[in-house]
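In: Okay, predicted coordinates and the sequence, questions at the end:
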Amino acid sequence: MPIVALLSSGAFGGDLDPVAADPIIPAVVQTAPSVTNWSGAYVGGSLAYTTGSALYCDGDANGDDYDCDDPSDGLPEPTPEGGMIGITGGYDWQRGNIVYGVAGDLMFGDLSDGVDSSTDPYYGCGSGDAHCGLEISSIAMLRGRVGFATGDFLPYITAGLAVTQATAFDNASDPVDGTYTNAVIGVGAEYMVSDTMSVGLDLLQIIEGSEVIIFDDFCTDCGPTHFSATMARFTLSYRF
């Protein structure tokens, strides 16, 4: 019998059914979430609320009750606070999700506080319940920062130097201008609103230092010292 007839007659026990092919399932490609490009220069404006603190005492560390290293209770401790406005700018570099850069800030305000001394003989404040005070007019900062970009957000940490322009005043001498140079640290986050605009929030701590604004015409090496400040700030930046 011809082979074709055998096949057509089912000589091998039945018809030959075609083998069904496995369905083709398309592969699912996992794509990493896009990361905003933060590299480049930026410049912008900022609004902040700042609280400062200083202590009136003797910077000579001469062992009396008003020694700055061991101040007695009741020494004047002005705490100037209020709003500030300023400009900010810097440059960022980016490698993958890591963003690092430098930033500069210049903040302006009119923060002032005067307090009465309750320590007899009212050292550094004249006599009686005399005012001792401190006024902050500007704060300039130069900082480095490192962040981790995720989507359009950039949380970061920052550290650098802050130079505060201040004026010390009391009832016994003329006001004296001076500066405090302190370390500053902080945390913050930015959000990329568009290709060229970002908004940010940060919290900066100006760490307490030992510099003194000295009343030379009243006492030897005395005045407001142990200056520190905390700044909460909103920024709006244009990115090039």
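Out: Arrived safely. Residues are numbered from 1 along each chain as shown.
In: The nearest residue to residue 131 once chain neighbours are set aside and residue 171, how far apart?
Out: Leaving out its chain neighbours, the residue that sits closest to residue 131 by CB to CB, 6 or more residues apart in numbering is residue 114, at 4.1 Å. In this view, the C-beta of every residue, glycine as well, is placed from N, C-alpha and C. Per CB to CB, to the nearest Å, residue 114 is found 9 Å from residue 171.
In: which residues are common contacts for the two?
Out: Residues within reach of residue 114 and of residue 171 at once, by CB atoms under 8 Å, 6 or more residues apart in numbering, are residue 131.
In: Please enumerate the strands of this protein.
Out: Using DSSP state E, the strands of the chain run over residues 40-58, 81-95, 98-116, 131-148, 153-170, 176-192, 197-206, 222-239.
In: for the ones you listed, which one sits closest to residue 34?
Out: Of all the strands of the chain, strand 176-192 sits nearest to residue 34, with 11.2 Å by CB to CB.
In: which helices and strands does the closest one pack with?
Out: Judged by 3 or more CB pairs under 8 Å, 6 or more residues apart in numbering; DSSP states H and E, strand 176-192 is in contact with strand 131-148, strand 153-170, strand 197-206, strand 222-239.
In: so what secondary structure elements neighbour the third one?
Out: Judged by 3+ CB pairs under 8 Å, 6+ apart, the packing partners of strand 197-206 are strand 153-170, strand 176-192, strand 222-239.
In: Can you lay out these as JSON lines showing mean pLDDT and mean neighbour count?
Out: Compiled in JSON lines, the helices and strands packed on strand 197-206 are given as follows (pLDDT from 0 to 100; neighbours: other CB atoms under 10 Å):
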{"stretch": "strand 153-170", "mean pLDDT": "96", "mean neighbour count": "19"}
{"stretch": "strand 176-192", "mean pLDDT": "97", "mean neighbour count": "17"}
{"stretch": "strand 222-239", "mean pLDDT": "94", "mean neighbour count": "20"}
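In: Any idea which of those gets closest to residue 209?
Out: The closest of the helices and strands packed on strand 197-206 to residue 209 is strand 176-192. By CB to CB, the value is 4.5 Å.
In: which neighbours does the closest one have in its sheet, and in what orientation?
Out: According to DSSP bridges, strand 176-192 forms sheet pairs with strand 153-170 (antiparallel), strand 197-206 (antiparallel).
In: Right, I'll leave it there.
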